[in-house]
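>>> Curious how this folds, go ahead:
(2 chains)
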Protein chains: 2
Amino acid sequence: MAKSDVKVLGSWPSPYAMRPRIALNIKSVDYEYVEERVWEGKTELLLQSNPVHKKIPVLIHGDNPICESLNIVQYIDETWSSGPSILPSDPYEGAIARFWAAYLDEKWFPSIKSIAIAQGEDARKAAIAQVEEGLALLEEAFGKCSKGKPFFGGDQIGFLDIAFGSFLGWLRVTEKFNGMKLLSEAKTPALVNWADRFCSDAAVKDVMPDTEKLAEFGKMVIAKIRGAGAEIH
Amino acid sequence: MAKSDVKVLGSWPSPYAMRPRIALNIKSVDYEYVEERVWEGKTELLLQSNPVHKKIPVLIHGDNPICESLNIVQYIDETWSSGPSILPSDPYEGAIARFWAAYLDEKWFPSIKSIAIAQGEDARKAAIAQVEEGLALLEEAFGKCSKGKPFFGGDQIGFLDIAFGSFLGWLRVTEKFNGMKLLSEAKTPALVNWADRFCSDAAVKDVMPDTEKLAEFGKMVIAKIRGAGAEIH
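Model prediction:
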């Protein structure tokens, strides 16, 4: 597969845009990465490739655009099926991985955003409590999914590792902004070690944004949200 | 598989709860249906089976609970893999089906709800326009997915048929409440015929709620929402 046949339209601070890149790295698929500076305007290529949502990430494979980050990861897993598996082959394990991935996108990460834009100390504390409650659930899920192995997916990074791990950059920024640890040896020992392993994995380390750079970007986004009701993405 | 090994916890007016039942019917899997009257309180079985979201539908297969309707449909497809396929075997067709299914849940059906609870005529008209815009996109998607065959999934009901078709009851109630056709020969001729075929299919017809009964339920729900901020589900 020539490099130009596989393109990812992404944006470096987006957790969602990391997911297709990690999946392609796992599969050892060479791809062209196109950085979209979405907060400055959307390119014609993005608008044509994702006319419904007009959002990154988009995977363009040959002439086919595929949208929605977890959908793209599943597509990559099925298309380059001779590489390491990303989704579990067991239907129940697959259903559990998809369940927690959806929980992360629909419930948990919105709570992380809520911490950033909370109006007042009570709202901020309530959002932190929600994030910590989610992490306790995920610590428990890690035990069940990993069965003593290094990753949710077992010996190697799988679907739920990608879904959760892509948020670690923003989790660290949130810890920094609030002067506290959300992942800790005391409360989430398994996740602390998992996060270190995930971030240093060969498929991840060149895609995970630097925490300081992400924090600078975060400050700008929060200022915009407070000013104009925009959305972290 | 003994009937008691497969249970669906559902609620008759819920479009989401129809999905696992249609999928099990397609696969000719016998199952026990447990009606949860969620608006009167949640049973211990539901709370134990879906402790995170506490929502129907839940599929209980042996000792394993599986939650989230589209996740359940994919689980059913993979578990009873010798029956007719529900998800396309082609990865790109699968990605397209999942894309539109997510669009229906995240964008389109919320617009249907918005029509019901709109404050004022302008808000109601704006919500109707959003629903119609979505239907135009889905009419176009039908052409591409079905390739001249009767269903989004081809010759038989597939993943996107289930995801969209489960909303037809509420679509009809919305038409009735607003004295108008949302699906019409003029604007969405392919979807009009598809909807008839879907509702009369053997896997669907005993699961699709009666429009009059659903309308009565709808009136009660709308009154509650206007009164107390509850949610149609």
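>>> State the distance from A:V221 to A:F177.
A:V221 sits 12 Å away from A:F177, taking C-beta to C-beta, to the nearest Å as the criterion. Backbone N, C-alpha and C define where each C-beta goes, glycine included.
>>> pLDDT below threshold where in chain A?
Residues of chain A meeting the criterion pLDDT under 70: A:1-4, A:228-233.
>>> most centrally placed residue in it?
Ranked by distance to the mean C-alpha position of chain A (C-alpha atoms, centre = their mean), the top residue is A:S166 at 2.7 Å.
>>> any idea how far that one is from A:P57?
For A:S166, the distance to A:P57 (C-beta to C-beta) stands at 10 Å.
>>> cool, A:P65 as well?
Look at A:P65 and A:P57: by C-beta to C-beta, they are 11 Å apart.
>>> which residues of chain A fall in helices?
For chain A, applying DSSP state H gives helices covering A:15-26, A:44-49, A:69-79, A:91-103, A:109-117, A:121-146, A:159-165, A:168-178, A:189-200, A:211-228.
>>> So for stretch A:171-185, first residue to last residue, what's the gap.
With C-alpha to C-alpha, to the nearest Å as the measure, stretch A:171-185 spans 16 Å from end to end.
>>> circling back: common neighbours of A:S166 and A:P57, please.
Jointly contacting A:S166 and A:P57 under the rule C-beta atoms under 8 Å, 6 or more residues apart in numbering or on different chains are A:16, A:19, A:69.
>>> mind listing what the last one touches?
Translated: A:S69. When contacts are counted by C-beta under 8 Å, 6+ apart, A:S69 touches A:16-17, A:19-20, A:57, A:166.
>>> Nearest to A:E40 among the residues you listed?
Nearest to A:E40 among these, counting by C-beta to C-beta, is A:A17 at 15.6 Å.
>>> The closest one is in contact with A:V8, isn't it?
Yes - applying C-beta atoms under 8 Å, one finds A:A17 in contact with A:V8, separated by 7.2 Å.
>>> Find the residues that touch each one of the two.
With C-beta under 8 Å, 6+ apart as the test, A:A17 and A:V8 both reach A:P57.
>>> need the residues of chain A near chain B, please.
Counting by C-beta under 8 Å from any C-beta of the partner chain, chain A comes close to chain B at A:52, A:61, A:64, A:66-68, A:71-72, A:74-75, A:78-79, A:91-92, A:94-95, A:98-99, A:102-103, A:137.
>>> How is chain A partitioned into domains?
Split into domains by the TED database, chain A comes to A:6-80, A:91-220.
>>> nearest to B:L191, of these?
domain A:6-80 (16.9 Å).
>>> end-to-end on the closest one?
For domain A:6-80, the separation between the terminal residues is 12 Å (C-alpha to C-alpha).
>>> quick one: buried residues of stretch A:76-90?
By neighbour count on 16 or more other C-beta atoms under 10 Å in any protein chain shown, the buried set for stretch A:76-90 is A:76-80, A:85-88.
>>> List the contacts of it.
With C-beta under 8 Å, 6+ apart as the contact definition, stretch A:76-90 has outside contacts at A:20, A:23-24, A:26-29, A:59, A:61, A:73-74, A:94, A:97, A:153-154, A:156-159, A:162, B:91-92, B:94.
>>> change it to 6 Å
Residues from elsewhere that reach stretch A:76-90, judged by C-beta atoms under 6 Å, 6 or more residues apart in numbering or on different chains: A:23, A:26-27, A:29, A:94, A:97, A:156, A:158-159, B:91.
>>> what's the answer for stretch A:13-27, then?
Contact partners of stretch A:13-27, identified using C-beta under 6 Å, 6+ apart, comprise A:8, A:10-11, A:31, A:56-57, A:59, A:69, A:72-73, A:76, A:80, A:83-84, A:86, A:162, A:166-167, A:203-204, A:207, A:214, A:217.
>>> could you dump the contacts of A:S69 to TSV with distance to A:L191?
Shown next, in TSV, are the contacts of A:S69 (distance: C-beta to C-beta, whole Å):
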residue	distance to A:L191
A:Y16	21
A:A17	23
A:R19	19
A:P20	24
A:P57	25
A:S166	14
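>>> Closest one of those residues to chain B?
Among the contacts of A:S69, A:P20 lies closest to chain B (C-beta to the nearest C-beta), at 11.6 Å.
>>> Could you report the distance from the closest one to A:I66?
Separation of A:P20 from A:I66 (C-beta to C-beta): 9 Å.
>>> anything in contact with each of those two?
Listed contacts common to A:P20 and A:I66 are A:59, A:72; contacts here mean C-beta under 6 Å, 6+ apart.
>>> quick one: which of those two has more around it?
A count of neighbours by other C-beta atoms under 10 Å in any protein chain shown puts A:P20 above the other of A:P20 and A:I66, at 29 against 26.
>>> Find the residue closest to that one in space, skipping its chain neighbours.
The shortest distance from A:P20 to any non-neighbouring residue, by C-beta to C-beta, 6 or more residues apart in numbering or on different chains, is to A:I72 (4.5 Å).
>>> Verify the stated contact: that neighbour with A:L59.
Yes - the pair A:I72 and A:L59 passes the contact test of C-beta atoms under 6 Å, sitting 4.6 Å apart.
>>> Just give me the neighbour total for the closest residue to A:A101 other than its chain neighbours.
Of all residues not flanking A:A101 in the chain, A:A163 sits nearest, at 3.6 Å (C-beta to C-beta, 6+ apart). When neighbours are counted by other C-beta under 10 Å, A:A163 registers 25.
>>> The residue nearest to A:F152 when sequence neighbours are not counted and A:V173: what is the separation?
In space, and not counting its chain neighbours, A:F152 is closest to A:L160: 4.0 Å by C-beta to C-beta, 6+ apart. Per C-beta to C-beta, A:L160 is found 22 Å from A:V173.
>>> Pick out whichever of the two has more residues nearby.
Ranked by neighbour count (other C-beta under 10 Å), A:L160 and A:V173 place A:L160 first, with 28 against 23.
>>> Make sure that one is actually in contact with A:R98.
No - using C-beta under 6 Å, A:L160 is not in contact with A:R98; the gap is 8.3 Å.
>>> how much space between the closest residue to A:Q74 other than its chain neighbours and A:G153?
Nearest non-adjacent residue to A:Q74, counting by C-beta to C-beta, 6+ apart: A:L87, 6.4 Å away. A:L87 sits 9 Å away from A:G153, going by C-beta to C-beta.
>>> can you list residues touching both of these two?
Common neighbours of A:L87 and A:G153, using C-beta under 6 Å, 6+ apart, do not exist here.
>>> and A:I222, how many neighbours does it have?
When neighbours are counted by other C-beta under 10 Å, A:I222 registers 16.
>>> Kindly report the same for A:A17.
Each residue near A:A17 was counted by other C-beta under 10 Å, and the total is 26.
>>> Skip the chain neighbours and tell me the closest residue to it.
Spatial nearest neighbour of A:A17, chain neighbours left out: A:G10 (3.2 Å); criterion: C-beta to C-beta, 6+ apart.
>>> show me what contacts that neighbour?
Residues in contact with A:G10 (C-beta under 6 Å, 6+ apart) are A:17, A:56-57.
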